[in-house]
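1. Pasting a predicted model and its sequence here:
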Amino acid sequence: MMVDYIGVERVQELVTRIGPARFIEALAHEIESDYRRWREFDKSPRHATHSAVGVIELMPTSDGRLYSFKYVNGHPKNTAEGLLTVTAFGVLADVETGYPLLLSELTFTTALRTAAMSALAARRMARHSSRVMALIGNGAQSEFQAIAFHHMLGIRELRLYDTDPKATVKLERNLTRLGLQALKIVRCRSTAEAVEGADIVTTVTADKCNALILTPEMIRPGMHINAIGGDCPGKTELHADILRRPDARVIVEFEPQCRIEGEIQQLESWFQVTELCDVLAGKSPGRANEQEVTIFDSVGFALTDFSALRYLYRLNRDQRTAPEEIDLVPDLDDPKDLFGSLEHNAGRGPAVKWPATDSLRAAADGRVGS
Ligand SMILES: NC(=O)c1ccc[n+]([C@@H]2O[C@H](COP(=O)([O-])OP(=O)(O)OC[C@H]3O[C@@H](n4cnc5c(N)ncnc54)[C@H](O)[C@@H]3O)[C@@H](O)[C@H]2O)c1
């Protein structure tokens, strides 16, 4: 049986063809529609395997028709060795048969879906008049965040800071090359300088510690904080007193996972948070007034990768008559004769294509319930 395969090159091709801003917006749309049927999904905190230098995580979810998982790592020390901090790949599968449908790269896709999720949350949480964003941490994720907030929130001034000045130079160079409309880019000498006058603050740093990227005196009424980089036990970015402000509203992707991995790991278990699904469903406000400090405590949840994998699966098939495939599952005349096929098929290429059922195609197309 052949399984669709999307490698690094194919994702680069798809994103370039559509354009990163439109791709992120389309992903945000997919994520939002899946979050609106939150209760249909099987949800659990991700499985994390920690080491002294990083973490490897497995992130499964399912809506009863499709199943997905992502393998993702987080190794902040990797960039010093010429390697990415975060890499990922994932699988989309058919719940009916358990057969995989797609094996895909998810390193680019993680950056795209994280930016989509950040912008989706900020559209509900940030003040509508927000035009200035501080971007703290200018590594691999940063361009994606910048593009999403420019395109989806109307950010027109970006204030950049990273402890590594080379990262900031790289980010500025990439954004300048993109020529984003009317975007002013300001390089700052500290986080405090970058945050001064910002409507939105995105923290997307990588360090395996309880960092104090944002401290209470930096925060002004009305700010929206998009906290992305704290996503593991013992790996946070915000001083806990920011979360404890009486005017703070904290919104999370999936509460049980965020209690373990998010900024709120620093707080008591009864500290009140709201899940984004309730905001998107209109049950809770993303912001109650112009003065509130809103905080999106993001750690990355499996549902966004589910949405991204399904989107990629559809896009890949729509844009090409013959998607690339790999022989991941044996194709047998007699399904009970696995051993016989091992000897018989040695050296023979796979031939038969797996026929997707109508219901499966509908699910993959996002036509849920049809
Ligand atoms: N919430 C999510 O869904 C999600 C998704 C992807 C990545 N992440 C997290 O986002 C973070 C960034 O990921 P990346 O791929 O961009 O990593 P990266 O290593 O490419 O970039 C991180 C940047 O942060 C900078 N930095 C570290 N400490 C800093 C400090 N004190 N002040 C300012 N800058 C500092 C580093 O110099 C580096 O340039 C990681 O911690 C990663 O785990 C979260």
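-> Nice, I can see it. Keep in mind that what you see is a predicted model, and the values were worked out from it rather than measured. Numbers count the residues shown, from 1 in each chain.

2. tell me the centre residue of the protein?
-> Geometric centre of the chain, nearest residue: residue 114, 2.6 Å, by C-alpha atoms, centre = their mean.

3. For residue 80, see how far away that one is.
-> Between residue 114 and residue 80 the computed distance is 22 Å (C-beta to C-beta, to the nearest Å). (C-beta placed from N, C-alpha, C; glycine too.)

4. what do you get for residue 253?
-> From residue 253 over to residue 80 (counting by C-beta to C-beta), the distance is 30 Å.

5. between the two, who's got more neighbours?
-> residue 253 (23 against 8; other C-beta atoms under 10 Å).

6. Check whether that one really touches residue 302, as I assumed.
-> No. Taking contacts as C-beta atoms under 8 Å, residue 253 lies outside contact range of residue 302: 9.4 Å.

7. quick one: contacts for the residue lying closest to residue 105 once chain neighbours are set aside?
-> What sits nearest to residue 105 in space, not counting adjacent residues and going by C-beta to C-beta, 6 or more residues apart in numbering, is residue 8, at 5.0 Å. By C-beta atoms under 8 Å, 6 or more residues apart in numbering, the residues touching residue 8 are 105, 107-108.

8. I'd like the residues you listed as TSV, with distance to residue 59 and pLDDT appended.
-> Listed next are the contacts of residue 8 as TSV, based on distance: C-beta to C-beta, whole Å; pLDDT from 0 to 100:
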residue	distance to residue 59	pLDDT
105	15	98
107	14	98
108	17	98
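
9. The residues you listed in helices, which ones?
-> Within these, residues falling in helices by DSSP state H are 107-108.

10. How many neighbouring residues does the residue of the stretch 251-370 of the chain found nearest the ligand have?
-> Using C-beta to the nearest ligand atom, residue 300 is the residue of the stretch 251-370 of the chain that sits closest to the ligand, at 2.7 Å. By other C-beta under 10 Å, 24 other residues sit near residue 300.

11. do the same with residue 269
-> 7.

12. Then residue 289?
-> Other residues close to residue 289 by other C-beta under 10 Å number 11.

13. How much space separates it from residue 131?
-> The gap separating residue 289 from residue 131 is 19 Å, by C-beta to C-beta.

14. Now for the nearest residue to residue 221 once chain neighbours are set aside: which residues touch it?
-> Nearest-residue entry for residue 221: residue 291, 4.4 Å, with adjacent residues in sequence omitted and distances by C-beta to C-beta, 6+ apart. Taking C-beta under 8 Å, 6+ apart, we find residue 291 in contact with 221-222, 247.
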